[in-house]
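# coordinates only, sequence not included:
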Ligand SMILES: Nc1ncnc2c1ncn2[C@@H]1O[C@H](COP(=O)(O)OP(=O)(O)O)[C@@H](O)[C@H]1O
Ligand SMILES: [Mg+2]
């Protein structure tokens, strides 16, 4: 009865001697043997009967005989030791059987012979369930990752929209204000010039009188002297020229601001035409090198000419603003590298500087009109917002990455043909970066 029970158990039970020859097999194993072998399997090497993973099985058996310790093999590491078939639950699809195997050292009580008992469990059901779960969780993970990416993209898109909205309204406002301010600036400027001339005439008259003072009689001389003295003529004379010069300089600054503000407006005087980006860069290098304490410029471009369809004025202005920022950031002590990349659909200009860099808290604000960290007179905080408007007009992209005390890279991409959709650049993973 006991032998019958062992024979019918739904697990594989086999006994092998030290030469790896089979001593006993229960029905689980026998049913999976070719018919002709079922009666004469005894004393046959186990790996000859079941030609699965013979080497592995032998190694395991050997270790059990030598160490006299049980050995366990789990389906995940070694799924199919014996070449048996099994059907999957639910689908019923026939597949290779997934197996857990345990080998135990035993001893024949009568003869003292060392033997090994192989237990084999069919775990196809658990394995296929586990695999299905694994696949499902991988798919979920992928979906989760895709969602995260989407959320990041949405975040970027939202901040771009907010920025664009801000720029659009500021742009209109700025253009309006610029127009209004232009008229008074015009007449104040003209009046100031006239005033300058009048002042020099008046001074010439007074100086003339002073020069001829010896010709007057004593009483008149005294009176004239007193008049000059009581009106602080010497002080007045020095101050008047200085005051007018200062006012003219102030007015020039106001004119500069207004000029920049006007660039916010979408009016484009020159219209679309072929623009050579390399030529612009070279012109700007000459221009800026003359003004800023000679930063070392390097331009890196495979071609001599890289053309886009664009509006030369705003494009030049955008590049100039970015390059001036770079020159101001290096302050004569570093280098600026310009790279022009000529791609099939677009042109990318990278302006890299080894300057002071931008702290993360400022990076968020650099495109805001009037945001500046520079001392009065050096920056109006309009450079990048003007550049933004110009690049947006061209359906391009401008992005800034920076590391404090290391430097900054501004990347501008402009599609070659204006009708082409703005190129989507790879997602920028750097933390300190701002794209609009
Ligand atoms: N290349 C750069 N290196 C360091 N800081 C920069 C750079 N470009 C821009 N910035 C920062 O962005 C601010 C805004 O720049 P911008 O709009 O050109 O205005 P402005 O130059 O008049 O301050 C600057 O004040 C500066 O803090
Ligand atoms: Mg600037």
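Now that the structure is in, tell me what you want to look at. Keep in mind that what you see is a predicted model, and the values were worked out from it rather than measured. Ligands and ions are numbered 1, 2, ... in the order given.
# residue 376 and ligand 2, how far apart?
14 Å (Cβ to the ion, to the nearest Å). C-betas here are computed from N, CA, C, even on glycine.
# in three-state terms, label that residue for me.
coil (DSSP: H, G, I helix; E, B strand; the rest coil).
# SS state for residue 5?
Applying three-state DSSP: residue 5 is helix.
# burial measure for it, as a count.
When neighbours are counted by other Cβ atoms under 10 Å, residue 5 registers 9.
# what parts of the chain come near ligand 2?
325, 383 (Cβ under 5 Å from the ion).
# at 8 Å instead, please
321, 324, 325, 328, 372, 374, 379, 380, 381, 382, 383, 384 (Cβ under 8 Å from the ion).
# mind checking if stretch 303-319 is in reach of ligand 1?
No - legend: contact between stretch 303-319 and ligand 1 by Cβ under 6 Å from any ligand atom is lacking; minimum distance shown is 10.6 Å.
# please state the offset of that stretch from the chain centre?
Its chain's C-alpha centre and that of stretch 303-319 lie 24 Å apart, by Cα atoms, centre = their mean, to the nearest Å.
# check which residues of stretch 232-252 are buried.
233, 237, 240, 244 (16 or more other Cβ atoms under 10 Å).
# what does stretch 6-24 give?
So stretch 6-24, judged by 16+ other Cβ under 10 Å, has buried residues 12, 13, 14, 15, 16, 17, 20, 22, 23, 24.
# what does it contact?
By Cβ atoms under 8 Å, 6 or more residues apart in numbering, the residues outside stretch 6-24 that reach it are 25-29, 41-47, 49, 58, 61, 65, 82, 106, 113-122.
# please apply the same query to stretch 64-77.
If you take Cβ under 8 Å, 6+ apart as the criterion, stretch 64-77 is touched by 18, 60, 63, 81, 98-105, 114, 116, 123, 126-127.
# tell me which of those fall in helices.
Of the contacts of stretch 64-77, the ones assigned to helices by DSSP state H are 60, 63, 126, 127.
# among the buried residues of stretch 6-24, which two are most distant?
Spanning the widest gap among the buried residues of stretch 6-24 are 12 and 17, at 17.4 Å by Cβ to Cβ.
# quickly list the domain ranges of this structure.
Domain segmentation of the chain under automatic domain parsing yields 2-122, 171-262, 268-435.
# nearest to residue 140, of those?
Checked against Cβ to Cβ, the stretch from the domains of the chain lying closest is domain 2-122, at 20.5 Å.
# what residues sit buried inside stretch 109-129?
Within stretch 109-129, the residues scored as buried using 16+ other Cβ under 10 Å are 115, 116, 117, 118, 119, 120, 121, 122, 123, 124, 127, 128.
# and the first one, bridged to which residues?
Counting by DSSP bridges, residue 115 is bridged to residue 17, residue 106.
# 49 is where my numbering starts, stick with that
Right, with 49 as the first residue, what we last looked at is residue 163.
# hang on, isn't it packed against residue 155?
Yes - in this structure residue 163 lies within contact range of residue 155 using Cβ atoms under 8 Å: 6.8 Å.
# most tightly packed of the domains of the chain?
Of all those, domain 316-483 has the most neighbours on average by mean count of other Cβ atoms under 10 Å, namely a mean of 17.
# so who does the residue of the chain most remote from its centre touch?
Ranked by distance from the centre of the chain (Cα atoms, centre = their mean), the top residue is residue 265, with 85.5 Å. For residue 265, no contacting residues are found, by Cβ under 8 Å, 6+ apart.
# quick check: phi and psi on it?
phi -70, psi 170 (degrees, to the nearest 10).
# try residue 200
Torsion angles at residue 200 (phi, psi; degrees, to the nearest 10) stand at phi -60, psi -40.
# what about it, neighbour count?
12.
# quick one: mean pLDDT over stretch 85-104.
The predicted model gives stretch 85-104 an average pLDDT of 88.
# now the helices: where do they sit in this structure?
50-56, 75-78, 94-97, 102-115, 172-259, 266-278, 281-310, 325-339, 360-378, 408-411, 431-441.
# picking up where we left off before, taking the residues of the chain next to ligand 2 together, which two end up most distant?
376 and 430 (13.8 Å).
# quick one: average pLDDT of stretch 208-220?
The pLDDT scores in stretch 208-220 average 68.
# for the protein, which element, helix or strand, carries the lowest mean pLDDT?
Using mean pLDDT, DSSP states H and E, strand 481-483 stands out as the lowest-scoring helix or strand of the chain, at a mean of 57.
# any idea how far residue 65 is from the residue nearest to residue 155 when sequence neighbours are not counted?
Nearest residue to residue 155, sequence neighbours excluded (Cβ to Cβ, 6 or more residues apart in numbering): residue 162, at 6.0 Å. In this view, residue 162 and residue 65 are 8 Å apart by Cβ to Cβ, to the nearest Å.
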